[in-house]
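J.: Got a sequence here, can you model it:
(one chain, ligands or ions: 1)
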Amino acid sequence: MADKPHQNLAVIGHVDHGKSTMVGRLLFETGSVPEHVIEQHREEAEEKGKGGFEFAYVMDNLAEERERGVTIDIAHQEFDTDSYYFTIVDCPGHRDFVKNMITGASQADNAVLVVAADDGVAPQTREHVFLARTLGIDELIIAVNKMDLVDYKEESYEEVKEEVIQLLKQVRFPSDDATFVPTSAFEGDNVSEASDNTPWYDGQTLLEALNDLPEPQIPTDAPLRLPIQDVYTISGIGTVPVGRVETGVLETGNNVSFQPSDVGGEVKTVEMHHEEVPRAEPGDNVGFNVRGIGKDDIRRGDVCGPAEDPPTVAETFQAQVVVMQHPSVITAGYTPVFHAHTAQVACTIESIDQKLDPASGEVAEENPDFIQSGDAAVVTIRPQKPLSIEPSGEIPELGSFAIRDMGQTIAAGKVLSVDER
Ligand code: GDP
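T.: Next comes the predicted model:
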């Protein structure tokens, strides 16, 4: 499995449109969930009078296990096709799904957008497509799901497809590359096998479409950047930071630096899937141990990089942002929470430098007094606590962020330049 190229896949879409069920179905049909686990959930579901809910059940259970975090097994859900080895970068159904989707989507190569045929494009469909676009997802596969609820009618499928195409056009997502598949995650139509229920459809199944995605460019040329997700203490080993290698390579013997905590040392061991490995590459989820680093020296939100080319820590940075939803207006001085890779830091929008025409990207106004929903702008941002972040032109994996306030994502953006501390 590991010989195939790797793809990080985001599964996005409005709540209840079937993301968890689809992921469960994909894992199940690719043989990635052992039959006995499915069987166990089937029994549990039936006992609770929820017969037929086994796939969503499997997903909930996997998410729970991951949250408990008892082991350093940080493996996300994984499955493979003939061409690729896929990791689902976030767990749908998770409480913080939207937020995670933002920090996760910046790292996903491609995405499956699930849109329920009986509901069509809904608010989170827009939000997620918009974010996927801003944060650099290459290609979308759209599963027009719950086809069983619309009696597998071609008109219903075409209607939803047209709605999604309009949405993609609005956010200037290249819709020519998007693949649409009519599915029922629940019944298993067109997921791994062409369905008899949709004789009018002669396109790919979801798995065929996944298998046909373009190969992601592996950013091994960039310096090592490994955002820390958690820090554990493991008996017999010591302090074990865990996270995913975003760029570059991590090898035992490397001298590394954690920023902004500003500590470092030599990498003693690297572990992946419970096994010691000599090196880890982009996309690999690892736990590792660094000589002389204690549990309180580093924290979630730090980024690990080479000692000779350490992660950048920003005094201020300039970024391009798009305001998705804000009840009033955003002016200079506004200080919401920024989510960038694994970090969450309050940052002040120090100045609004330019308002951009969202259609052309051209400057529409210099130094505007405010921006509001639907606006794109160039702004200067000052983190209130040290934040490691990189220009997206140099290291795109570490160059995007989401802005949250009042319990929702109000804007997303990418870093244009960084003024270092
Ligand atoms: P999520 O919030 O997008 O992850 O949605 P879930 O996967 O939790 O599904 C929400 C509900 O829709 C659950 O009750 C599922 O059983 C149901 N569901 C998911 N996919 C399908 C489908 O293809 N057909 C039907 N009829 N129900 C589905």
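J.: my guess is residue 269 contacts residue 288, does it?
T.: Yes: if you go by Cβ atoms under 8 Å, residue 269 and residue 288 touch, sitting 6.4 Å apart. For every residue, glycine as well, the C-beta is placed using N, CA and C.
J.: low pLDDT regions in the stretch 251-400 of the chain?
T.: Scanning the stretch 251-400 of the chain for pLDDT under 70 picks out the ranges 358-361.
J.: which residues of it fall in strands?
T.: Using DSSP state E, counting those that start in this stretch, the strands of the stretch 251-400 of the chain run over 255-259, 263-272, 275-277, 279-280, 285-290, 303-306, 313-323, 337-340, 343-356, 363-366, 376-383, 387-388, 400-405.
J.: follow-up on the earlier one: name the residue in residue 269 and residue 288 with the higher neighbour count.
T.: residue 288 (28 against 16; other Cβ atoms under 10 Å).
J.: Pretty sure residue 239 is one of the things that one touches, is it not?
T.: No: Residue 288 is beyond contact range of residue 239, at 9.6 Å (criterion: Cβ under 8 Å).
J.: out of the strands of the stretch 251-400 of the chain, nearest to residue 33?
T.: Proximity to residue 33 (Cβ to Cβ) singles out strand 285-290 among the strands of the stretch 251-400 of the chain, at 18.6 Å.
J.: quick one: strands adjacent to the closest one?
T.: Partners of strand 285-290 in the sheet, by DSSP bridges, are strand 238-244 (antiparallel), strand 263-272 (antiparallel).
J.: May I ask you to confirm that residue 167 belongs to a strand?
T.: No: under the criterion used here (DSSP: H, G, I helix; E, B strand; the rest coil), residue 167 is helix, not part of a strand.
J.: Buried ones in stretch 409-421, by neighbour count?
T.: Of all the residues in stretch 409-421, those buried under the rule 16 or more other Cβ atoms under 10 Å are 409, 410, 411, 412, 413, 414, 415, 416, 418.
J.: Equivalent analysis for stretch 172-186, please.
T.: Buried residues in stretch 172-186, defined by neighbour count with 16+ other Cβ under 10 Å: 173, 175, 178, 179, 180, 181, 182, 183, 184, 185, 186.
J.: near the ligand at all, that stretch?
T.: Yes: contact of stretch 172-186 with the ligand (Cβ under 6 Å from any ligand atom) involves 184, 185, 186.
J.: Same question for stretch 25-36.
T.: No: counting by Cβ under 6 Å from any ligand atom, the ligand is not contacted by stretch 25-36; separation bottoms out at 8.2 Å.
J.: mind checking the end-to-end distance for that stretch?
T.: Distance between the two ends of stretch 25-36: 15 Å, counting by Cα to Cα, to the nearest Å.
J.: How many residues are close by the residue in the stretch 201-350 of the chain that the ligand sits nearest to?
T.: Proximity of the stretch 201-350 of the chain to the ligand (Cβ to the nearest ligand atom) peaks at residue 206, 11.5 Å away. Per other Cβ under 10 Å, the neighbour tally for residue 206 reads 26.
J.: cool, residue 162 as well?
T.: Neighbours of residue 162 under the rule other Cβ under 10 Å: 12.
J.: Render the CA-only coordinates of the strand or helix carrying it in CSV, please.
T.: According to DSSP states H and E, residue 162 maps onto helix 154-170. C-alpha atoms of helix 154-170 as CSV (Å, rounded to 0.1, in the frame of the first residue of the first chain):
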residue,chain,number,x,y,z
GLU,A,154,-32.1,11.8,-13.6
GLU,A,155,-33.8,15.2,-13.4
SER,A,156,-33.1,15.5,-9.7
TYR,A,157,-29.5,14.7,-10.3
GLU,A,158,-29.2,17.2,-13.2
GLU,A,159,-30.9,19.9,-11.1
VAL,A,160,-28.4,19.5,-8.2
LYS,A,161,-25.5,19.2,-10.7
GLU,A,162,-26.5,22.5,-12.3
GLU,A,163,-26.8,24.2,-8.8
VAL,A,164,-23.3,23.1,-7.9
ILE,A,165,-21.9,24.2,-11.3
GLN,A,166,-23.3,27.7,-10.6
LEU,A,167,-21.7,27.7,-7.2
LEU,A,168,-18.3,26.6,-8.6
LYS,A,169,-18.6,29.4,-11.2
GLN,A,170,-19.3,31.9,-8.5
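J.: re earlier: shouldn't the residue of the stretch 201-350 of the chain closest to the ligand be in contact with residue 191?
T.: Yes: the pair residue 206 / residue 191 is scored as a contact, 5.0 Å apart, by Cβ under 8 Å.
J.: shared neighbours of those two, which are they?
T.: Common contacts of residue 206 and residue 191 (Cβ atoms under 8 Å, 6 or more residues apart in numbering): 22, 26, 183.
J.: quick one on the thing from earlier: mind checking how far the residue of the stretch 201-350 of the chain closest to the ligand is from residue 189?
T.: 10 Å (Cβ to Cβ, to the nearest Å).
J.: Also residue 400?
T.: 35 Å.
J.: Show me what stretch 332-350 is in contact with.
T.: The contact list for stretch 332-350 (Cβ under 8 Å, 6+ apart) reads 99, 102-103, 106, 227-229, 243, 246, 300-303, 316, 330-331, 351-352, 379-389, 397-398, 400-405, 410.
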